[in-house]
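Peer 1: Following is a predicted model, sequence given first.
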Amino acid sequence: MAFEVTATRKRPQNFETLIGQQFVVSTLKSAIEQKRIAHAYLFSGPRGVGKTSLARIVAKALNCEEGPSANPCGVCSNCKAITAGSSADVIEIDGASNTSVNDVRIIKDEILFPPTASLYKIYIIDEVHMLSNSAFNALLKTIEEPPEYVIFIFATTETQKVPPTIRSRCQQFHFQLIDLATIKSALANTVKEMQIEAEEDALFWIAKEATGSLRDAYTLFDQIVSFSDGNITMALIEEKLGLAGSDKISAIFLPLVKGEREIALKALWTLLDSGVSVEQTIKELTAYVRVLLLVKAGVTNESILNMQVNHIPKELLNVYSSEQLEAALELFLHLYRDIRYSLSGRFELELAVSRLANLKNMASSYQLVNKIEEFKNELLEGQIEIKPQQTVAVEKPKEIKKEEVVAQPKKGTLTKEILTEMIQKLASERDTVGMVLSQLVEFNHSENGLKLLFASKYMLDTATQNRDKIASLILKYSGYEGPLIFERFKEIKKEKPQESVNKVAQEIATLFRGELIT
């Protein structure tokens, strides 16, 4: 007997076997039981969730020899013909390959003839959004007022591409993604029927990868069964399909918690050398961080997590803050987008893993502000006890008044340091005496007194006028109270030879037509 794929073999044949679409099923069953049958239906939703299968079930329910009935018998000639796809009164059309106005015209001509062996002539148009605008316009009048024996059932994965004029003429039913637990249960039943062994983790992974599509789950299941030799294990799936696996991802993250960058990189290299691609590794690292973030937020539903929490080491669940995990997740999301333009995706991945070694020490500005605010409130409420620092008792220095001596060098001696201090003090008070003292060229103590030599006659005269004040300042700063001698500084110059002086004088006299008087 020829092999039949699981998706076809497990296609639902009645309302009870269609899983994951309870609202749509219950509504249509009730409508058929009450004989409230519309002339056009629009089934929309993701791929592989039962749209075409339900269209065939509705066709059987309406054309069953025992019906119309919400529970078609499945054994009459009409039910068998619809199941086999050979019924002359149930016409399935692929909207992707019959997009023109001419295809619609053929339908308009056919509906003029009543069904041959059934109660209704039913047109099932799959991927109806692929029809051209002209074809849709040609259908408008037909689906609005068809003959009473004609029913249209449209199926599409992109409702927004179906014109509103078509949607308004149909009863619309939106199909939902099938939850992970339901898909896993369906796979478990299939494994039991086929009498093969399968690990729970393996079935969970297949259901997760199906992303809500039962048909995708069956397709992937068939692929895995072909190389599993009757025993489906997660280890075999990871080996054959080039997956990382939660254990190998944990081996990268655990050293990062301790800051052991080298060990984490070695675990990454081992994973890549085993044949796992860079892109796949980034995907699994991203999914792993997402799970840590959601668990941190209190999410435990494995259908949302797409991972079994018991596979994550407990030391990883609470080691990072939400802000740190958000930063890591953003890092990997950006990394996956950037590697297509990178010199080497492997280099980018190694850099990202290396940076994660510092993730535990990262703090956002939001955290810092909150911590400061929290510390401030604890201080105000007295929750934090501040112990006074032990200090050594030091005798308070005697306050120095302006009238007292500021500097105390050797008694009665004026030094350069004392003079500099005097000048700075007077400059800060904008006292002109400070400017006079700053022009001192030289000073020295002698038997006759303290001699002060000034640079110019003007400064000498100014100093002489302020003799008493200068004497008082010198006494205050140095303690000297002897006589002061003010003189002008005279630079010792070498006299030019008389001969050269006379020569210059003679030249000047000649220039001004004079004569030199010796």
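Peer 2: That came in fine, so what should we check first? All figures in this text were calculated on a predicted structure; none of them were measured in a lab.

Peer 1: any weak-confidence spans in the stretch 251-400 of the chain?
Peer 2: For the stretch 251-400 of the chain, the stretches with pLDDT under 70 are 363-367, 382-400.

Peer 1: switch the cut-off to 50
Peer 2: Filtered on pLDDT under 50, the stretch 251-400 of the chain yields the residue ranges 392, 394, 400.

Peer 1: For the helix or strand in which residue 265 is found, buried residues please.
Peer 2: Counting by DSSP states H and E, the element that carries residue 265 is helix 261-273. Of the residues in helix 261-273, those buried under the neighbour-count criterion (16 or more other CB atoms under 10 Å) are 261, 263-265, 267-268, 271-272. All C-beta atoms are positioned from the backbone trio N, CA, C, and that covers glycine.

Peer 1: Name the nearest of those residues relative to residue 82.
Peer 2: Of all the buried residues of helix 261-273, the one sitting nearest residue 82 is residue 271; the distance, using CB to CB, is 50.6 Å.

Peer 1: Please look at that closest one and residue 244 and confirm they touch.
Peer 2: Yes - using CB atoms under 8 Å, residue 271 makes contact with residue 244 at a distance of 5.7 Å.

Peer 1: Which strands and helices lie in contact with the helix holding residue 265?
Peer 2: When contacts are defined as 3 or more CB pairs under 8 Å, 6 or more residues apart in numbering; DSSP states H and E, helix 261-273 packs onto helix 246-257, helix 278-296, helix 345-355.

Peer 1: Dump that helix to CSV, restricted to CA.
Peer 2: Output in CSV follows, covering the C-alpha atoms of helix 261-273 (Å, rounded to 0.1, in the frame of the first residue of the first chain):
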residue,chain,number,x,y,z
ARG,A,261,34.1,34.2,30.0
GLU,A,262,36.6,31.7,28.8
ILE,A,263,34.5,28.6,29.8
ALA,A,264,31.4,30.1,28.2
LEU,A,265,33.3,30.7,24.9
LYS,A,266,34.6,27.2,24.9
ALA,A,267,31.0,25.8,25.3
LEU,A,268,30.0,28.1,22.4
TRP,A,269,32.8,26.8,20.2
THR,A,270,32.0,23.2,21.0
LEU,A,271,28.4,23.8,20.0
LEU,A,272,29.4,25.5,16.7
ASP,A,273,31.9,22.8,15.9
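
Peer 1: Switch the helices and strands packed on helix 261-273 over to CSV, and while doing so, append distance to residue 372 and mean neighbour count to every line.
Peer 2: Output for these, formatted as CSV (distance: least, CB to CB, whole Å; neighbours: other CB atoms under 10 Å):
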stretch, distance to residue 372, mean neighbour count
helix 246-257, 27, 20
helix 278-296, 23, 20
helix 345-355, 26, 17
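
Peer 1: quick one, phi psi at residue 93?
Peer 2: phi -120, psi 130 (degrees, to the nearest 10).

Peer 1: just checking, it touches residue 130?
Peer 2: No - counting by CB under 8 Å, residue 93 does not reach residue 130; the two are 10.8 Å apart.

Peer 1: I would like the residues contacting stretch 99-113, please.
Peer 2: By CB atoms under 8 Å, 6 or more residues apart in numbering, the residues outside stretch 99-113 that reach it are 91, 93, 121, 123, 130-132, 134-135, 138-139, 142, 146-147, 150.

Peer 1: List the buried residues for it?
Peer 2: For stretch 99-113, burial by neighbour count (16+ other CB under 10 Å) applies to 99, 101, 103-104, 107, 111.

Peer 1: Out of those residues, give me the two with the largest separation.
Peer 2: Across the buried residues of stretch 99-113, the two lying at the largest distance from each other (CB to CB) are 99 and 111, at 19.0 Å.

Peer 1: Can you lay out the helices and strands packed on helix 261-273 as JSON lines showing distance to residue 461?
Peer 2: As requested, the helices and strands packed on helix 261-273 are arranged in JSON lines below (distance: least, CB to CB, whole Å):
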{"stretch": "helix 246-257", "distance to residue 461": "83"}
{"stretch": "helix 278-296", "distance to residue 461": "87"}
{"stretch": "helix 345-355", "distance to residue 461": "77"}
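
Peer 1: right, and these - which one's nearest residue 6?
Peer 2: For those, proximity to residue 6 was assessed by CB to CB; helix 278-296 is nearest, at 25.2 Å.

Peer 1: which outside residues touch the closest one?
Peer 2: The set of residues external to helix 278-296 that reach it, using CB under 8 Å, 6+ apart, is 242-246, 249-250, 252-253, 268, 271-272, 304-307, 309, 312, 316-318, 320-322, 325-326, 328-329, 332-333, 335-336, 339, 345-346, 349.

Peer 1: One more pass at 6 Å, please.
Peer 2: Defining contact as CB atoms under 6 Å, 6 or more residues apart in numbering, one finds that helix 278-296 is touched by 244, 249, 305, 307, 317, 322, 325, 328-329, 332, 335-336, 345-346, 349.

Peer 1: and what of stretch 213-220?
Peer 2: If you take CB under 6 Å, 6+ apart as the criterion, stretch 213-220 is touched by 6-7, 47-48, 178, 183, 206-207, 209-210.

Peer 1: Narrow those to those that are buried.
Peer 2: Applying 16+ other CB under 10 Å to the contacts of stretch 213-220, the neighbour count classes 6-7, 48, 178, 183, 206-207, 209-210 as buried.

Peer 1: Tell me which of those residues fall in strands.
Peer 2: Using DSSP state E, no member of those falls within strands.

Peer 1: Show me those residues that map onto helices.
Peer 2: Among the buried ones among the contacts of stretch 213-220, the residues falling in helices (DSSP state H) are 6-7, 183, 206-207, 209.

Peer 1: can I get those residues in TSV with distance to residue 459 and pLDDT?
Peer 2: As requested, those are arranged in TSV below (distance: CB to CB, whole Å; pLDDT from 0 to 100):
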residue	distance to residue 459	pLDDT
6	113	90
7	111	90
183	104	93
206	103	92
207	102	91
209	98	88
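
Peer 1: would you list the residues you listed in TSV and tack on distance to residue 84?
Peer 2: Listed next are these as TSV, based on distance: CB to CB, whole Å:
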residue	distance to residue 84
6	19
7	17
183	27
206	29
207	30
209	31
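
Peer 1: Just the closest of those to residue 482, please.
Peer 2: Comparing those against residue 482 with CB to CB picks out residue 209 as the nearest, at 105.5 Å.

Peer 1: Tell me how many other residues surround residue 356.
Peer 2: Under the neighbour criterion other CB atoms under 10 Å, residue 356 is assigned a count of 25.

Peer 1: close enough to count as contact, it and residue 256?
Peer 2: Yes - the pair residue 356 / residue 256 is scored as a contact, 4.9 Å apart, by CB atoms under 6 Å.

Peer 1: Distance check, the residue nearest to the spatial centre of the chain against residue 324.
Peer 2: By CA atoms, centre = their mean, the chain has its centre lying nearest to residue 330, at 2.4 Å. For residue 330, the distance to residue 324 (CB to CB, to the nearest Å) stands at 11 Å.

Peer 1: returning to what we had before: which of the contacts of stretch 99-113 are buried? Put it as a ChimeraX command.
Peer 2: With 16+ other CB under 10 Å as the burial test, the buried ones among those are selected in ChimeraX as follows:
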select :93,121,123,130,131,135,138,139,142,146,150
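
Peer 1: In helices, which of the contacts of stretch 99-113 appear?
Peer 2: Among the contacts of stretch 99-113, the members that lie in helices (by DSSP H) are 134-135, 138-139, 142.

Peer 1: want to try TSV for those, with distance to residue 155 and pLDDT as columns?
Peer 2: As requested, the ones in helices among the contacts of stretch 99-113 are exported to TSV (distance: CB to CB, whole Å; pLDDT from 0 to 100):
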residue	distance to residue 155	pLDDT
134	21	89
135	16	90
138	19	88
139	15	88
142	18	88
